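Asker: task: produce atomic coordinates for the following.
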Amino acid sequence: MDITGSVALVTGANRGLGRHFAQQLLERGAAKVYATSRRPELVDVPGVEVLRLDVTDPESIAAAAAAAGDVTLLVNNAGLTTRADLVTGELADVRLEMETHFFGTLGVIRAFAPVLARNGGGAIANVLSALSWFSTAGANAYSAAKAAEWSLTNGVRIELTEQGTSVTGVVLGAADTDMMAGYTGPMSDPADVVRAALDGVQAGAWEVLVDDWSRGVKASLAADPREFYGQLAI
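Answerer: Numbers count the residues shown, from 1 in each chain. As a prediction, this is how the structure comes out:
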């Protein structure tokens, strides 16, 4: 996937990683960047084309796909955290996590897959999380939704191979964004996260493990889970 000259669309581009994606895509020579958000008035990246896109609203997704028929690179970044647990949390919050990360991402991919096919195949990047592979109190709904999105990423990669669309999963631990406000552990610079992600897209990587945390969590999956969770308790 050659980013130079591409036409990219980034979901959740009003802040955090999404804002960095929009900026760096322009810096790498993208011909056009659609920067989308539920609140488009908050997008402040110079040089982008702003669109409203709420990934939980099928009509909004369809309108964005109709307006951006020249897209060759789709970056599914939009997300949220309700900090809900599965047993004691509000079920509406659990559903919102799944509607956003799984059904929202899937809805955007389903709408833009024909667009990408018409434009030569192109590429998709899904922003995932190391929490796809482990759970922790206070983020269990998020973990479940991100696990579903990770599985979705692998599934759509298989389904879209025939039309020539590459699919990259971008997995990270914590990045220094608004979503992680109050977190006291080590965090990556969001600019570094996006740089690694776009390098992976450019190279056609299936998966980009951005940091030591994501690499360590994935490596732990082959072992007894009690070992990993025992370390978390220390």
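
Asker: any idea how far the lowest-mean-pLDDT helix or strand in the chain is from the chain center?
Answerer: Across the helices and strands of the chain, the lowest-confidence element by mean pLDDT, DSSP states H and E is helix 225-233, at a mean of 84. Offset of helix 225-233 from its chain centre (CA atoms, centre = their mean, to the nearest Å): 27 Å.

Asker: where does pLDDT dip in the protein?
Answerer: For the chain, the stretches flagged by pLDDT under 70 are 175-185, 187, 233-234.

Asker: list the buried residues for the least confident helix or strand of the chain?
Answerer: residue 228 (16 or more other CB atoms under 10 Å). Yep, even glycine has a C-beta here, placed from its N, CA and C like the rest.

Asker: so which elements touch that helix?
Answerer: Helix 225-233 sits against helix 212-220, with contacts defined as 3 or more CB pairs under 8 Å, 6 or more residues apart in numbering; DSSP states H and E.

Asker: returning to what we had before: by how many degrees do the least confident helix or strand of the chain and helix 212-220 diverge?
Answerer: Helix 225-233 runs at 150 degrees relative to helix 212-220, counting by axes from the mean of the first three to the mean of the last three CA atoms, to 10 degrees.

Asker: endpoints of stretch 86-95, how far apart?
Answerer: End-to-end distance of stretch 86-95 (CA to CA, to the nearest Å): 10 Å.

Asker: pull the contacting residues for residue 126.
Answerer: The contact partners of residue 126, by CB atoms under 8 Å, 6 or more residues apart in numbering, come to 76, 105, 149, 152-153, 167-170.

Asker: is it bridged to anything, and to what?
Answerer: For residue 126, the residues forming beta bridges with it (DSSP bridges) are residue 76, residue 169.

Asker: how much space separates it from residue 137?
Answerer: Residue 126 is 25 Å from residue 137, where distance means CB to CB, to the nearest Å.

Asker: that'll do, ta.
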